[in-house]
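> below are the sequence and a predicted model; questions follow.
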Amino acid sequence: MTIADAPSKPIFGPIRIEEMRQNEELTRHVMKVVADACKHSKGRYSSVSIANGLSSGEMRLWGVLTPPARLEAAAVTRITGDTCEIILAGPSFDDVAPFVPALEKYAKSQNCERMSVTGPQWFSRQLPKEWFVREVRYERTLSDAG
């Protein structure tokens, strides 16, 4: 195996809205990954709501890139008050979980006191040990109400 054949470690970092505005191909690819991740949000987010949040500056986009240029996953964060929330991660949270410490570092640089993420119980196995369950949220779709 040569160095060129060796698997490359993924790179994690922000994808800025300015970069997307300047590169239509990047935007299409990023939004496809975001749309795939939205499928796991149980209707909380859509690619349109994420695009609007990114355009307004309310949300920030992060990418997991496998060199030379394959976007594997994306994460979207939003800062509200003193909390940085990971509102979307995927298409598989497994691809984003190793980079949660980098998001924590970003949150600290923005003077956040805490981070949060909403997800299934198995997220607890993927998050760093300092994370804990704060609440359990129950939900019902009212369209099936009698």
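Perfect, I can see it now.
> residue contacts, residue 79?
Residue 79 makes contact with 85, 107, 110, 112 under the criterion C-beta atoms under 8 Å, 6 or more residues apart in numbering. For the C-beta atoms, the positions are set from N, CA and C on the backbone; glycine is no exception.
> can you select the buried ones among those residues for me in ChimeraX?
One line in ChimeraX is enough to select the buried members of the contacts of residue 79, burial here meaning 16 or more other C-beta atoms under 10 Å:
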select :85,107,112
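> quickly check the contacts of residue 79 for the two that are furthest apart.
Greatest spacing in the contacts of residue 79, by C-beta to C-beta: 85 and 110 (12.0 Å).
> go ahead and confirm residue 102 touches residue 12.
Yes. With contact defined as C-beta atoms under 8 Å, residue 102 reaches residue 12; the gap is 5.5 Å.
> tell me which stretches of the chain form helices.
17-22, 24-38, 47-56, 93-96, 100-109, 123-126 (DSSP state H).
> would you mind giving these as CSV with distance to residue 135 and mean pLDDT added?
Below are these laid out as CSV (distance: least, C-beta to C-beta, whole Å; pLDDT from 0 to 100):
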stretch, distance to residue 135, mean pLDDT
helix 17-22, 32, 92
helix 24-38, 23, 93
helix 47-56, 23, 95
helix 93-96, 19, 93
helix 100-109, 19, 96
helix 123-126, 13, 86
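> spatially central residue in this structure, please.
Centre of the chain computed as the mean C-alpha position; nearest residue by C-alpha atoms, centre = their mean is residue 75, 1.4 Å away.
> ok, that one - contacts?
By C-beta under 8 Å, 6+ apart, the neighbours of residue 75 are 61-64, 86, 88-89, 96, 99, 103.
> out of those residues, the closest to residue 36 would be?
residue 88 (10.4 Å).
> circling back: from the contacts of residue 79, which land in strands?
Of the contacts of residue 79, the ones assigned to strands by DSSP state E are residue 85.
> which non-adjacent residue is nearest residue 14?
Excluding the flanking residues, the one nearest residue 14 by C-beta to C-beta, 6 or more residues apart in numbering is residue 62, at 5.7 Å.
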